[in-house]
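A.B. asks: coordinates only, sequence not included:
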């Protein structure tokens, strides 16, 4: 019997009609059977403040538990000012603390950046990878996933209508499943 890997899907955009969220849902629908995908919201995470660690907010505790329970991660990020949104960086910080109790530690990930522009969130994708390196999350190097022109890819119901993008995302998820299987800790 094939082992199912639990994947926490973390979207760096809080917008209800976010193209990153739409892409996340598409990726989840294209995931191979070996992956059990679950959206993990970062919307309600209080900002990280080390002074709160003595009695951490319940949202931090719940988030850290969800991260610890995952076998790996799929991150989707827009690009804000050539970097990741503050809420996504905050989630990385919250999950990496308290010192010595990094909830992310050693678990593999994939990074997808989605943008309405032509640069496709390249800067955010690589800034996120830099933070993931520090918290010991090996990010899949190939294939890279930069989704540009996102405003033209979805219909009014949030369904991906571009066949070449759908084919690419399906192949991305197949590679991601192999990455997870190869890099998860037993």
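C.D. replies: Structure's in. What do you need? All figures in this text were calculated on a predicted structure; none of them were measured in a lab. Numbering: from 1, shown residues only.

A.B. asks: What does the residue positioned nearest the centre of the chain show for phi and psi?
C.D. replies: Nearest residue to the geometric centre of the chain (Cα atoms, centre = their mean): residue 75, 1.2 Å. Residue 75 adopts backbone torsions of phi -100, psi 140, taken as degrees, to the nearest 10.

A.B. asks: Who is it paired with across the strands?
C.D. replies: residue 10, residue 111 (DSSP bridges).

A.B. asks: Please, which helix or strand holds residue 33?
C.D. replies: Counting by DSSP states H and E, no helix or strand carries residue 33.

A.B. asks: residue contacts, it?
C.D. replies: Counting by Cβ atoms under 8 Å, 6 or more residues apart in numbering, residue 33 touches 2, 4. In this view, the C-beta of every residue, glycine as well, is placed from N, C-alpha and C.

A.B. asks: So for it, what's the pLDDT?
C.D. replies: Residue 33 is assigned 97 on the pLDDT scale.

A.B. asks: Please shift the residue numbers so they start at 31 in all later answers.
C.D. replies: All set: I'll call the first residue 31, so the last point we hit is now residue 63.

A.B. asks: ok, it to residue 190 distance?
C.D. replies: From residue 63 across to residue 190, the span is 20 Å (Cβ to Cβ, to the nearest Å).

A.B. asks: For the protein, which segments are assigned as strands?
C.D. replies: Ranges of strands in the chain, per DSSP state E, are 35-41, 65-69, 102-107, 139-144, 175-177.

A.B. asks: Rebuild those strands as JSON lines, extending it with distance to residue 159.
C.D. replies: Output for those, formatted as JSON lines (distance: least, Cβ to Cβ, whole Å):
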{"stretch": "strand 35-41", "distance to residue 159": "14"}
{"stretch": "strand 65-69", "distance to residue 159": "21"}
{"stretch": "strand 102-107", "distance to residue 159": "9"}
{"stretch": "strand 139-144", "distance to residue 159": "6"}
{"stretch": "strand 175-177", "distance to residue 159": "12"}
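
A.B. asks: Those strands: which one's closest to residue 207?
C.D. replies: For residue 207, the closest of the strands of the chain is strand 65-69, at 5.5 Å, according to Cβ to Cβ.

A.B. asks: Next, the angle strand 35-41 makes with that closest one.
C.D. replies: In terms of direction (axes from the mean of the first three to the mean of the last three Cα atoms, to 10 degrees), strand 65-69 departs from strand 35-41 by 30 degrees.

A.B. asks: So what touches strand 65-69?
C.D. replies: Contacts to strand 65-69, defined as Cβ under 8 Å, 6+ apart, come from residues 34-39, 41, 54, 57-58, 61, 100, 104, 203, 206-207, 210.
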